[in-house]
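Novice: mind looking at a prediction? Sequence and model below.
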Amino acid sequence: MAALQRSAAAKAAEGETFAPFWLVSGEAAPDEVQAMAHKVFGHVPDGNDIHAEAALPFAARSMLTTRPDIGLMSCFSPATPWIWPARQSGQEPRYILVRPSDGRCVIEQAGRRISLRARDAAVVDLAQETRFTLVELGRIDLIALDPARLPALAQLTPDELMQAIPRGNRGLQVLAHYGALLLRGLFPLNSAPLRDLAIGHVHDLIGVMLADRSAPPVTATPRRGGRLAAIKADIETRLERRELSIDLIAGLYGVTPRAIQKAFGAEGRTFSDYVLERRLERAWLKLMSAEDDAISISGVAFEVGFGDLSYFNRSFRKRFGRSPSQVRAG
């Protein structure tokens, strides 16, 4: 009985732990596929016959989200064109915010058409079928909106909603940074009230974004600096994957590994230096966090992408001058 109680308590604690979560097309568990299909379509089409590649938004090859779910998603290697089906009769109103991280996204709905540049955004009412054409786009970010938290949505006409929100919009800029931190699991939202607050903040920022239609002109970012910032963001979402490599990142951007190395060289370091630094810093945060006390030091090492515990210990001591166990002990 005691063992059963401990097991139940462990499952309850696991359900409260907030963390990034990857879904990969063709590898997702049936319950995850069902849940995602319901989020995308508002229902589960054809019962158990739905496949992961059809359930992931934009038929993406992989998707970064969170568990528990708070409505934020980053979809990688999306298909084009992609049709988002209209909501069915009797379903609640459904809205999404979309933001391409690169390339261009053309959205067409009921004779209306808008084009989003990299890091622009749009809020889309899914009452009608919507066609997305993605041009040279490797990642598109998505937020499933709760109309009850944004009453202003119902007051906007389709023409008012179907507008590109420029990347210079102040609300959008804060939203992008806040959403990235949430998807990286950098806030310990390990309770329902905390997650509810975060969801509320996301919707409040979208409200500010929609209210500010006078965004300042976008300041051009130097091409090399802008690309390096994007590369770092993509590294951040993959730190826990041991297969992360310069070849993988170069493939995402359609450039050579040498070009990636040259970008980091401008900062006086290598790609490997940067990845190691970020993994060690994430490990430090986990070791200092009370929420991660139950995770062993080896577990922390593996969670942040290390495959060799002795290498982790040596690198950690060299970087911080203290061993992982000393940091955990305070």
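Specialist: On my side now, so go ahead.
Novice: any low-confidence regions in the stretch 101-250 of the chain?
Specialist: When residues are selected by pLDDT under 70, those of the stretch 101-250 of the chain lie in 213-226.
Novice: I'd say Pro188 and Lys286 touch.
Specialist: No: with contact defined as CB atoms under 8 Å, Pro188 does not reach Lys286; the gap is 10.0 Å. C-beta coordinates here come from the backbone N, C-alpha and C atoms, glycine included.
Novice: more crowded one of the two?
Specialist: Neighbours per residue (other CB atoms under 10 Å) separate Pro188 from Lys286, with Lys286 holding more: 22 against 15.
Novice: give me the element the more buried one is part of.
Specialist: Secondary structure from DSSP states H and E places Lys286 in helix 271-288.
Novice: next helix or strand past that helix?
Specialist: Heading C-terminal from helix 271-288, the first helix or strand you meet, by DSSP H and E, is helix 297-303.
Novice: which helices and strands does that next one pack with?
Specialist: Contact here means 3 or more CB pairs under 8 Å, 6 or more residues apart in numbering; DSSP states H and E; on that basis helix 297-303 packs against helix 271-288, helix 309-320, helix 324-329.
Novice: show residues contacting that helix.
Specialist: Contact with helix 297-303 is made by 240, 283, 286-287, 292, 295, 309, 312-313, 324-325, 328, as judged by CB atoms under 8 Å, 6 or more residues apart in numbering.
Novice: in PyMOL, select just the buried ones from those.
Specialist: This is how PyMOL selects the buried members of the contacts of helix 297-303, with burial counted by 16 or more other CB atoms under 10 Å:
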select buried, resi 240+283+286+287+292+295+312+313+324+328
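Novice: doesn't Arg269 lie inside a helix?
Specialist: No: the assignment for Arg269, made by DSSP: H, G, I helix; E, B strand; the rest coil, is coil rather than a helix.
Novice: next up, the contacts around it.
Specialist: So Arg269 contacts nothing (CB under 8 Å, 6+ apart).
Novice: which phi and psi does it have?
Specialist: Dihedral pair for Arg269: phi -150, psi 180, per degrees, to the nearest 10.
Novice: what pLDDT is listed against it?
Specialist: Turning to Arg269, the model gives it a pLDDT of 90.
Novice: can you check Lys286 too?
Specialist: For Lys286, pLDDT reads 85.
Novice: from memory it sits against Ala294, does it?
Specialist: No: contact between Lys286 and Ala294 fails when scored by CB under 8 Å: they sit 11.2 Å apart.
Novice: quick one on the thing from earlier: what does the helix holding Lys286 contact?
Specialist: Here helix 271-288 makes contact (CB under 8 Å, 6+ apart) with 186, 232, 235-236, 239, 244, 246, 249, 260-261, 264, 292, 295, 297, 300-301, 303-306, 312, 315-316, 319-320, 324, 327-328.
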